[in-house]
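Peer 1: the sequence and its predicted three-dimensional model are supplied below.
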Amino acid sequence: MKIALGADHRGYRYKEHIKQYLASRDIQIVDFGTNSEESVDYPDFGSKVAHAVADGEVDLGINICGSGNGMLMVANKVNGVRAGIALNPDMARLTRQHNNANVLSIAADFTPEDQLEPIVQAFLDAQFEGGRHTARVAKIGT
């Protein structure tokens with residue numbers, strides 16, 4: 001599995017935590033930055049992750065910013081991306097199972113750090129259920 005990571009300055013510390021966690025699980029990582037807590041614009045990094053997913057360069061993407069919403073909006077502008085936000089492991093699991101999400105958005109300002117690994121694990125382990133969800137996802141258009 002190959003995962004793209006992106007963060008703005010507010011998500012940088014959580015990105016680094018997730019990067020270490022994924023590496024400990026022998027998961028390939030493409031880190032699109034940012035590489036410090038110096039102020040940056042989230043669209044510059046969120047769009048790189050989304051395009052890597054849409055272009056098939058990676059299997060899934062994870063974006064982190066303060067509220068999670070900016071990265072979510074950026075990713076969902078890219079054709080072929082279905083990004084979902086998760087504040088807990090259940091939300092992460094359901095966005096994959098029910099919405100076939102291929103990018104996870106994490107809110108650094110609202111997610112306790114001890115929940116990062118369970119959230120990421122739930123997202124990675126879940127699979128799209130298909131069935132009644134297939135027609136619903138098709139209505140999204142990407």
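Peer 2: That came through, no problem.
Peer 1: from here on, contacts and neighbour counts on C-alpha atoms
Peer 2: OK.
Peer 1: could you list the low-pLDDT ranges of this protein?
Peer 2: 142 (pLDDT under 70).
Peer 1: how about the strands in this protein?
Peer 2: For the chain, the strands defined by DSSP state E occupy 2-7, 28-31, 60-65, 83-85, 103-107.
Peer 1: right, and those strands - which one's nearest M73?
Peer 2: Nearest to M73 among these is strand 83-85 (8.2 Å), distances taken as Cα to Cα.
Peer 1: circling back to that earlier point, same list (the strands of the chain) but as a markdown table, adding mean neighbour count.
Peer 2: Output for the strands of the chain, formatted as a markdown table (neighbours: other Cα atoms under 10 Å):
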| stretch | mean neighbour count |
| --- | --- |
| strand 2-7 | 26 |
| strand 28-31 | 17 |
| strand 60-65 | 30 |
| strand 83-85 | 25 |
| strand 103-107 | 28 |
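Peer 1: so which of these gets nearest I119?
Peer 2: Closest of the strands of the chain to I119 is strand 103-107, at 8.9 Å (criterion: Cα to Cα).
Peer 1: what angle do that closest one and strand 2-7 make?
Peer 2: Between strand 103-107 and strand 2-7, the angle comes out at 30 degrees (axes from the mean of the first three to the mean of the last three Cα atoms, to 10 degrees).
Peer 1: strand 103-107 pairs with which strands?
Peer 2: strand 60-65 (parallel), strand 83-85 (parallel) (DSSP bridges).
Peer 1: which residues touch that strand?
Peer 2: 11, 50, 53, 60-69, 71-72, 75, 81-87, 92, 123 (Cα atoms under 8 Å, 6 or more residues apart in numbering).
Peer 1: just confirm G80 contacts A52, I think it does.
Peer 2: No. With contacts counted by Cα atoms under 8 Å, G80 stays clear of A52, the gap being 10.5 Å.
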